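S.K.: Sequence plus the predicted model coming up.
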Amino acid sequence: LMEMTFNGTTNGWDSKQNVHVRVRDFGTVFAVDRLAPDEWFPEVSNYYHQLIDNLRRSGFEDGRTIFAAAYDWRRGFHESWATDAAELVEAAFSSSGGKKVVLVSHSMGAPMTYEMLLRKPLEWRRKFIERWIPIGPVFTGAPLSLYSFLADALLGLPGVFGQIGAISKKLGGFWFILPNMQFKGDVVTTPEHRYDPGN
């Protein structure tokens, strides 16, 4: 059911016929708070849980001042997600009374966010975005995706999750984060430091 097919017409990935994956409660933190029930791999399950918990204790509210743009990770970047995410940014801006939005993304979510922002005009970004904080981004790709292709294993996860590695070649998300050799210079430069793929 997880396998996808590359569509040369749209340059995107399609699910098998009659398979439809939807993010539950898009816009709320439900899909990013925990990746699985507590009893299933709790050490990797609490994805954004601590961050969300701390924000809630500071007075933030789900659906009013905290939002999440979860996505079907099998597909990699796709325009429908970018459209929904941009609309969510605008909704957050409106619900906050015109305060600019702070975006936080992790891992593959960073290039997803980057691609979404690239598709928006500079005026839109200046109006709606205060800052963007990518945590552990895979801007230059993830060698583990290459490993999953070669070893038919999924990121070292045990049991049934490891079996997903055998179909990783048929998931757009793994192709999306293959190591990218076009990044040979600085990825991020600040007044204090220069970050590049080699340090």
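M.R.: Good, I have the coordinates.
S.K.: isn't Asp84 right next to Arg22, touching?
M.R.: No: with contact defined as CB atoms under 8 Å, Asp84 does not count as touching Arg22 (11.1 Å). Backbone N, C-alpha and C define where each C-beta goes, glycine included.
S.K.: Looking at the two, which has the bigger crowd around it?
M.R.: Shown here are Asp84 and Arg22; by other CB atoms under 10 Å, Asp84 has more neighbours (17 against 7).
S.K.: what sits against the more buried one?
M.R.: For Asp84, the contact set (CB atoms under 8 Å, 6 or more residues apart in numbering) comprises 26, 69.
S.K.: Repeat that for the one 4 residues further on.
M.R.: Counting by CB under 8 Å, 6+ apart, Leu88 touches 26-27, 67, 69.
S.K.: Pick out the most distant pair among those residues.
M.R.: Taking CB to CB, the two most distant members of the contacts of Leu88 are Phe26 and Phe67; they sit 9.3 Å apart.
S.K.: and those two? which has more neighbours close in?
M.R.: Just comparing Phe26 and Phe67: by other CB under 10 Å the higher neighbour count belongs to Phe67, 20 against 17.
S.K.: gap between the most centrally placed residue in the chain and Ala31?
M.R.: By CA atoms, centre = their mean, the chain has its centre lying nearest to Gly109, at 2.1 Å. Distance of Gly109 to Ala31, given as CB to CB, to the nearest Å: 12 Å.
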